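*Asks:* Turn this into a model:
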Amino acid sequence: MNLQQLEYVLAVDELRHFAKAAEYCNVTQPTLSAMIQKLEEELNVKIFDRTLQPVQPTPVGKKIIEQARSALQQASLIKELVREEEHSVSGTFRIAVLPTIAPYLLPRFFPELMEAYPQLDIRMMEMKTKNCLAALQAGGLEAAIIAGEAEGKESHSIPLYYESFYGYVSPKEPIYKKELIRSSEISGEKLWLLDEGHCFRDQLMRFCQLESARSCQIAYKLGSMETFMRMVESGKGMTFIPGLALLQLSEEQKKLVRPFAIPRPTRQIHLITRTDFIRHSILSILIEKIRAAVPPEMLTLQNGQKVV
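*Replies:* Numbering: from 1, shown residues only. Modelled structure (predicted):
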């Protein structure tokens, strides 16, 4: 039994698919499968039921996975401690980012970070807030970038920047004629909103008091903000976008943007780690790069903004 085998087991448990797990671990599927099979033979048990799709851990497999996660977390802390003592910016660093943050923030700093620190293997993934925090506490991540602070004594939150919300409105909608959006005027509009579980949606629902507007919302379970923007551009309804998205818009697209009236709904973006996180050298670099990548005015809460 070795740590690499345990890593492969956790990857399969997380992704419930051998090929995807192999891709995530940067090995071929036959290699990953053979290593897990060798571990099963050594323990004389089946960790996964391969007859099910997606693959599922067996009852004893669940117990093994739990212990494997704990063992890897402790081994990781030892490696991180050594690297931090050496001030080494290398090794693997896993970080999750909300889908409503990633497309607009990552292109602004990630390529430069990879070029500046080629020895650092940063693995980015997109997750909803609940999944980010669960993976963080389970040891599957080193950090997460989310909207709002993480609750609980086991998490540490570091503020990064503030980001206001904007309306993105089709010219066919009555609210398009207005210069500012007021929450009281939204209830009758056709809204493209993300599905339940996205904090982006939850924050706007609360701010705009949109519970009464559920019947007016256009049903779209698996949509993304980019999809919703294309729908608006085709002449249908309205949606909401974050401030960094404006920096990627063409002049024609900017004509569809409508700011909120004061108070403007705003989210605070945080970098979350566990309280036992050791590698502060990498963390400092990451924070510096992210803050340098956003407009200076987003680093502080501006007059008229309200964190939701």
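*Asks:* When you work out contacts or count neighbours from here on, use the C-alpha atoms and nothing else.
*Replies:* Noted.
*Asks:* out of all of them, which helix in this structure is the longest?
*Replies:* Assignment by DSSP state H gives helix 59-85 as the longest helix of the chain.
*Asks:* Quickly find the element holding Glu252.
*Replies:* Per DSSP states H and E, Glu252 falls inside helix 251-254.
*Asks:* what's that helix in contact with?
*Replies:* 233, 246 (Cα atoms under 8 Å, 6 or more residues apart in numbering).
*Asks:* What are the buried residues along the helix or strand hosting Glu40?
*Replies:* Per DSSP H and E, Glu40 falls inside helix 29-43. Buried residues in helix 29-43, counted by 16 or more other Cα atoms under 10 Å: 29, 32-33, 35-37, 39-40.
*Asks:* For Ile181, list each beta-bridge partner.
*Replies:* Beta-bridge pairing of Ile181 under DSSP bridges involves Phe260.
*Asks:* who touches it in this structure?
*Replies:* Residues near Ile181 by Cα under 8 Å, 6+ apart: 167, 175, 258-261.
*Asks:* Over to Ser155?
*Replies:* Taking Cα under 8 Å, 6+ apart, we find Ser155 in contact with 272-275.
*Asks:* of these, buried ones?
*Replies:* Buried members of those, counted by 16+ other Cα under 10 Å: 272-274.
*Asks:* Which elements pack onto the helix holding Glu40?
*Replies:* helix 3-15, helix 18-24 (3 or more Cα pairs under 8 Å, 6 or more residues apart in numbering; DSSP states H and E).
*Asks:* Recalculate using a threshold of 10 Å.
*Replies:* Here helix 29-43 touches helix 3-15, helix 18-24, strand 48-49, going by 3 or more Cα pairs under 10 Å, 6 or more residues apart in numbering; DSSP states H and E.
*Asks:* closest one to Glu297 among those?
*Replies:* When these are compared by Cα to Cα, helix 18-24 sits nearest Glu297, at 37.1 Å.
*Asks:* and the closest one, which residues are buried?
*Replies:* By 16+ other Cα under 10 Å, the buried positions in helix 18-24 come out as 18-22.
*Asks:* follow-up on the earlier one: which one among the contacts of Ser155 gets closest to Ser157?
*Replies:* Of all those, Ile272 has the smallest distance to Ser157: 4.7 Å, by Cα to Cα.
*Asks:* Which element, helix or strand, includes the closest one?
*Replies:* Ile272 belongs to strand 264-274 when assigned by DSSP H and E.
*Asks:* quick one, the following helix or strand past that strand and strand 264-274 angle?
*Replies:* Later in the chain than strand 264-274, the nearest helix or strand by DSSP H and E is helix 280-293. With axes from the mean of the first three to the mean of the last three Cα atoms, to 10 degrees defining the directions, helix 280-293 sits at 160 degrees from strand 264-274.
*Asks:* doesn't Cys25 make contact with Tyr8?
*Replies:* Yes. The criterion here is Cα atoms under 10 Å, and Tyr8 meets it with Cys25 at 7.2 Å.
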